[in-house]
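S.K.: okay, sequence plus prediction incoming.
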Amino acid sequence: MPDIAPQKPGESHYDVIIIGAGMAGMAAAIRLAHFGKKVCLLERHTVIGGLNSFYKLGGRKYDVGLHAVTNYVGPGTRGTPLVKLLRQLRIHREELDLCEQAGSKVRFPGEELRFTNDFSVLEAEVARAFPGQVDGFRSLAGEVAAFEDISATGEDPSAREMIRRHVTDRLLEDMILCPLMYYGSAREGDMDFSQFVIMFRSIFMEGFARPLEGVRRLTGVLLRKLRDAGAERCMGCGVRELRIERAHVAEVVLDSGRVLTAGAVLSSAGATETLRLCQGEEVAALRPEEENAGRLSFVESINVLSVQPTALGWNETIVFFNDSDRFDYSVPADLVDPRSGVICFPNNFDYGDRQLKEGFLRITCLANYRRWTGLSDEEYRERKDAWFDRMVSQALNFMSPLDRETLDRVTVARDMFTPRTITKYTGHINGAVYGAPRKIKDGRTPYKNLFLCGTDQGFLGITGAMLSGISMANLHVLSRR
C-alpha cells in the first residue's frame, strides 16, 4: 500500500501528539482517534513501521525486523494479547492473514528442543531430552501462567534466579532463555522476570505466525485504520525538541522549526531518546541521574533463493542456535558474535495453497554498534561482505542437510543490515533493538503530560508494541476526564 500522507501538520494544537509511526505509535493513534481525539502522528522518515518496516533493493522488497508475529492464538481463544489487540483496534482477524509456523527448534551442542504453537510439544521435548528436569519445567511453566503483575512497578527479579528455583540443569536453562532473549531482552546475560514471562507466554505458550506479505500486510492494515479513524499522520516530520515549562511539555518543535502544542504527548522514540529532546530551565533538575540507554544490537544476513527451502530439505520455520558451552547474550568484542543466533525461513509458515515466489534465508547475530559505526564507508562494505560469509558458514552447522555449495548455487541475491541500519530506521541510541534495559512500565516521565509507549514501556514483540500503544493511550489519555 502506498505510504501517502500530508507532509506538514494541518493544525497547531492537538489533543495528543504521538512521536514515531512504529507499531506502538500507530496503535496509540488509532485507539485515540476512535474516541474522537484529535491526534497528530509524527514520523521523521518517509515510511511507517519503525524497525518493523521494509526496504526495496534490486526490485525486491526485504522485511526489516519481522521474523514472526508472536502471541498467536487460533480463532475462538479468549483473553490473550492478540485477542485484546484485535478488539481494541477494531481489526478483524482475517485482515492480518496470520499463518502459523511449521515448527521451530532450539539447537545447542549435542541437544535440540522442538516447539510449535502447541505447548505440549515443547513439554514432551523437555521430557525426552531432560527427563530429570521435566517436573521442574512444568512447575516453571505453572508459575509463568499464574504470574499477574507484569505491569507492576518496582524491583523485578532476575529471570535466571527464578528459573533456577525450578530447573537445575544449566543447559536447559540456556536453551529456554536463548529464544526469549533474542526476541526480546534488552539486558545482557539475563532478563527481568516480568519480561521473561511475557516472552515465554508469547513464544512457547502462544506461538509464531506470519502474514504471507510479511510486515507490509501489518503496516497496511494499520495505515487503513489510521485513515478510517481520522488520525492525522505527518511523514518527514521529525521532532527537534520538546520545550518544558512548569513540568509540562509546552511546545513540540519540529525539525522544520514549526511549533505544535498538545494536551498530551506520547512518545515511542525510547526513554533516553525522548528525554534528550526535552529542553527548558527545569529540565536539568528533572532529568534522571543516569541515562537508561540499551546496548544490544544485531546484524542480519538475507539470502534470496531460487527454490523453496523445503526443496533443500529444510522444513523448520525458525532455529535458535548456540555452539558455546554457555549461551553468551552480550555485546560482542568483535563486530559480530557468530557463536549464536537465529535462522529464519519466512517460507516455512502454513500459507495453505499460497507461497512466497522466492525462498528467503535470514540469519541474525549479536553485533557491536560502536565498532560498526566507527568504520569508513569502504571498510563498512568490506566488513559486511566478510561477516555475511562467516555468519552463513556458522549457521550451516545447524542447518543439515544444507551445505555451502548448494546454498551458493541457489542464492540469487543477498543483503545484510547492521546496527547502522537499525539506528537509521528507529533512531535508537546504540542501535539497541529492544531499547533500554530498565523499562518504564507505567509509561511516566518526569513531565506531567509526556508519556512513553513501545519498547521502553516494556511490552515486547510486534503484538506487544501495539498493545503498549493501546495501553498507554487508555491509561494516560482516555481514562482521564
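M.R.: Nice, I can see it. Please read all numbers here as calculations on a predicted model, not as lab measurements. Numbering: from 1, shown residues only.
S.K.: number of residues surrounding Val304?
M.R.: Around Val304 there are 18 other residues, counting by other Cβ atoms under 10 Å. For glycine as for every other residue, the C-beta is placed from the backbone atoms N, C-alpha and C.
S.K.: could you check how far it is from Thr411?
M.R.: According to Cβ to Cβ, to the nearest Å, Val304 stands 7 Å off from Thr411.
S.K.: Phe459 now?
M.R.: 36 Å.
S.K.: ok, the two, which is more surrounded?
M.R.: Phe459 (27 against 15).
S.K.: where does the closest residue to the more buried one other than its chain neighbours land on pLDDT?
M.R.: Distances taken as Cβ to Cβ, 6 or more residues apart in numbering place Ser468 nearest to Phe459, at 4.0 Å, with adjacent residues excluded. Note on Ser468: pLDDT of 96.
S.K.: phi first, then psi, for Ser468.
M.R.: Phi and psi for Ser468, reported as degrees, to the nearest 10, are phi -60, psi -50.
S.K.: likewise Arg31?
M.R.: According to degrees, to the nearest 10, Arg31 has phi -60, psi -50.
S.K.: any idea how far it is from Gly238?
M.R.: Look at Arg31 and Gly238: by Cβ to Cβ, they are 23 Å apart.
S.K.: between the two, which one's more packed in?
M.R.: Neighbours were counted for Arg31 and for Gly238 using other Cβ under 10 Å; Arg31 has more, 26 against 16.
S.K.: can you give me the helices in the stretch 251-400 of the chain?
M.R.: Using DSSP state H, counting those that start in this stretch, the helices of the stretch 251-400 of the chain run over 271-277, 283-286, 369-373, 377-396.
S.K.: least reliable of those by average pLDDT, please.
M.R.: helix 283-286 (a mean of 71).
S.K.: nearest to Thr310, out of the helices of the stretch 251-400 of the chain?
M.R.: Closest approach to Thr310 among the helices of the stretch 251-400 of the chain (Cβ to Cβ): helix 377-396, 17.0 Å.
S.K.: quick one: low-confidence ranges for the stretch 51-200 of the chain?
M.R.: 149-154 (pLDDT under 70).
S.K.: please enumerate the strands of it.
M.R.: Under the criterion DSSP state E, counting those that start in this stretch, the stretch 51-200 of the chain carries strands at the ranges 53-57, 60-64, 99-100, 104-108, 111-115.
S.K.: what comes into contact with the third one?
M.R.: It stands for strand 99-100. For strand 99-100, contacts defined as Cβ atoms under 8 Å, 6 or more residues apart in numbering pick out 72, 117, 207-212, 349-352.
S.K.: what about Leu32, distance to Cys365?
M.R.: 38 Å.
S.K.: of those two, who's got more company?
M.R.: Higher neighbour count among Leu32 and Cys365: Leu32, with 27 against 24, using other Cβ under 10 Å.
S.K.: would you list every one of the helices in the stretch 1-150 of the chain?
M.R.: For the stretch 1-150 of the chain, helices defined by DSSP H, counting those that start in this stretch occupy the ranges 23-34, 81-89, 93-96, 119-129, 134-146.
S.K.: and these as a markdown table, adding distance to Thr274?
M.R.: Formatted as a markdown table, the helices of the stretch 1-150 of the chain follow (distance: least, Cβ to Cβ, whole Å):
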| stretch | distance to Thr274 |
| --- | --- |
| helix 23-34 | 12 |
| helix 81-89 | 24 |
| helix 93-96 | 29 |
| helix 119-129 | 37 |
| helix 134-146 | 31 |
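S.K.: tell me the most buried of those?
M.R.: Mean neighbour count (mean count of other Cβ atoms under 10 Å) peaks for helix 23-34 among those, with a mean of 28.
S.K.: could I get the buried residue list for stretch 323-343?
M.R.: Within stretch 323-343, the residues scored as buried using 16 or more other Cβ atoms under 10 Å are 327, 329, 331-332, 335-338, 340-343.
S.K.: no no, stretch 433-447
M.R.: The neighbour-count check on stretch 433-447 (16+ other Cβ under 10 Å) flags 433-445, 447 as buried.
S.K.: now that stretch: mean pLDDT?
M.R.: Averaging pLDDT along stretch 433-447 yields 93.
S.K.: what is the end-to-end distance of that stretch?
M.R.: Using Cα to Cα, to the nearest Å, one end of stretch 433-447 lies 25 Å from the other.
S.K.: centre of the chain versus that stretch, how much separation?
M.R.: Relative to its parent chain, stretch 433-447 has a centroid offset of 15 Å by Cα atoms, centre = their mean, to the nearest Å.
S.K.: also stretch 351-370?
M.R.: Offset of stretch 351-370 from its chain centre (Cα atoms, centre = their mean): 15 Å.
S.K.: nice, that's everything, thank you.
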